[in-house]
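Asks: please find the sequence and the predicted model below.
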Amino acid sequence: MNTLFDLVATSMPDIQSSLDARGIPIQRAGVRGIRYPLRLLVSATVSQQVVAHWEMTVALPAEDKGTHMSRFIEVLEAWRETPMSPDGFCRMARAICDRLDAKICDVAARFPYFLEKAAPVSGLRSLMDYQVSWVAHASQGAPTRFSQQVQVPVTSLCPCSKAISEYGAHNQRSHVHVSLDYETPMAADLDVLIRGVEAQASSQLWGLLKREDEKFVTEQAYENPKFVEDLVRDVAVLLRRLPGVASYQVEAENFESIHNHSAYAMVNNRNER
């Protein structure tokens, strides 16, 4: 026997599934601005719960009037407790294609990622946060493409200031933004990428430092000066050595301590391909 819910559902018109006569396909239709939990797979036994900002779209054929927006949320809910790796993220994108009967699907999630770090001298442990974005592009009959972006805060010390000053050198906090396209999502290793980028700076950052740590960090930066141009080039050298990277772009912005503007540089290998 049909329930009242079944009777109401079957009697309601599905306008989104009706035909459209204008003959114009839509490359992306879906939802954005969603805040929803994401459980990250950190290791085989450890996961990290974060809140991500999502954008989820499908390609809409010219004859379809609309897509079923609620189904995106249904997929998010179904995958909410699944620890997510880049490969799992791509599988979720394919699940959206299946659920919405779409040939092309794009999924993007922006979220904070936390690494536990030990201070260089005291060994005190604390968390550092990094801004990360994952993007998956799924299309029928082709492997799902995966991209990863991460913003890594570091310290840079000016080589020119060190060379001309008797008492020290000015330094600044810098943001290194790395965008990578991978040959396969299984090649993406977020921890290796972050730690590799940090190693290219004058000094990395920590959430918690005692006096002995601060002395170490200050002196380390002084002995390792970097222009913003040095920073992007050194990170590019690192990325060239990472397995499975199809293309990359590196940007660095130094928030200058002696100017009311930033120093900026960018390098990518897209013209090399």
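Replies: Looks like it arrived, so ask away.
Asks: V50 - nearest residue in space that isn't next to it in sequence?
Replies: F111 (4.5 Å; Cβ to Cβ, 6 or more residues apart in numbering). For the C-beta atoms, the positions are set from N, CA and C on the backbone; glycine is no exception.
Asks: name the helix or strand for the one you found, please.
Replies: Using DSSP states H and E, F111 falls within strand 104-118.
Asks: partners of that strand in the sheet?
Replies: Strand partners for strand 104-118, identified by DSSP bridges, are recorded as strand 47-60 (antiparallel), strand 125-139 (antiparallel).
Asks: hmm, back to that, what pLDDT does the residue nearest to V50 get?
Replies: Looking at F111, its pLDDT reads 97.
Asks: and it, how many neighbours?
Replies: 19 (other Cβ atoms under 10 Å).
Asks: same deal with the one 3 residues further on?
Replies: Summarising burial for F114: neighbours were counted as other Cβ under 10 Å, giving 15.
Asks: tell me the bridge partners for it.
Replies: Assigned bridge partners for F114, using DSSP bridges, are D129.
Asks: pLDDT weak spots in the protein?
Replies: For the chain, the stretches flagged by pLDDT under 70 are 1-18, 271-273.
Asks: quick one: the strands in it?
Replies: Ranges of strands in the chain, per DSSP state E, are 26-41, 47-60, 104-118, 125-139, 145-157, 171-182, 203-204, 245-255, 262-268.
Asks: picking up where we left off before, roughly how far apart are the residue nearest to V50 and A246?
Replies: Distance from F111 to A246, counting by Cβ to Cβ, to the nearest Å: 23 Å.
Asks: my guess is S126 meets G207, correct?
Replies: Yes. Under the criterion of Cβ atoms under 8 Å, S126 makes contact with G207 at 3.7 Å.
Asks: which neighbours do these two have in common?
Replies: Among the neighbours of S126, those also in contact with G207 (Cβ atoms under 8 Å, 6 or more residues apart in numbering) are K117.
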